[in-house]
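A.B. asks: A predicted structure for the sequence below; I have some questions about it.
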Amino acid sequence: MRAVFAGLCLSAATLAAAGAPSAQTFGSRSHFTEEGGAAIYASVCAACHMADGRGARGAGAYPSLAQDRDLADLAYPIALLLLGQKAMPGFAHLLSDQQIADVTNYVRTHFGNAYPDRATPAAVAAIAGQPAP
């Protein structure tokens, strides 16, 4: 496992030295800097949930977001993004309330999903302020 991690670090360092753009961008405070739901999804979510939102199975199970009825409840994807679940980490300290609202709205209106109500930064902050279930 250490060899794999070291290889990934070396690959990232090689790409950075070559001037290649990073797949994930962090600001000075270790936050993702992407703006807009599509950009955040592509950089943060697609590696596990795939570009088409259909998820994957292999070394782990990454749930499909395509036509996902669980996304109908606006609070559900917001809480998952904030707190994480199972192998998915929480992003409360890596994404702003605006970014979480944007990516929530993106997944709820793409991949065969068409949920009309919209997440807002205020809704994210309200859910973030609630105790964990």
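C.D. replies: Okay, I see it. Numbering: from 1, shown residues only.
A.B. asks: first vs last residue of stretch 108-116, how far apart are they?
C.D. replies: End-to-end distance of stretch 108-116 (C-alpha to C-alpha, to the nearest Å): 8 Å.
A.B. asks: Could you pull up the mean pLDDT of that stretch?
C.D. replies: Stretch 108-116 shows a mean pLDDT of 97.
A.B. asks: Not counting its neighbours along the chain, what's nearest the residue nearest the centre of the chain?
C.D. replies: Centroid-nearest residue in the chain: residue 45, 3.9 Å away (criterion: C-alpha atoms, centre = their mean). Leaving aside its chain neighbours, residue 45 sits nearest to residue 103 (6.8 Å; criterion: C-beta to C-beta, 6 or more residues apart in numbering). For the C-beta atoms, the positions are set from N, CA and C on the backbone; glycine is no exception.
A.B. asks: Name the SS class of the one you found, please.
C.D. replies: The local conformation at residue 103, judged by DSSP: H, G, I helix; E, B strand; the rest coil, is helix.
A.B. asks: Contact partners for residue 124?
C.D. replies: Residues counted as contacts of residue 124 (C-beta atoms under 8 Å, 6 or more residues apart in numbering) are 78, 82, 97, 98, 100, 101, 104.
A.B. asks: If anything else comes up later, I'll come back, but that's it for now.
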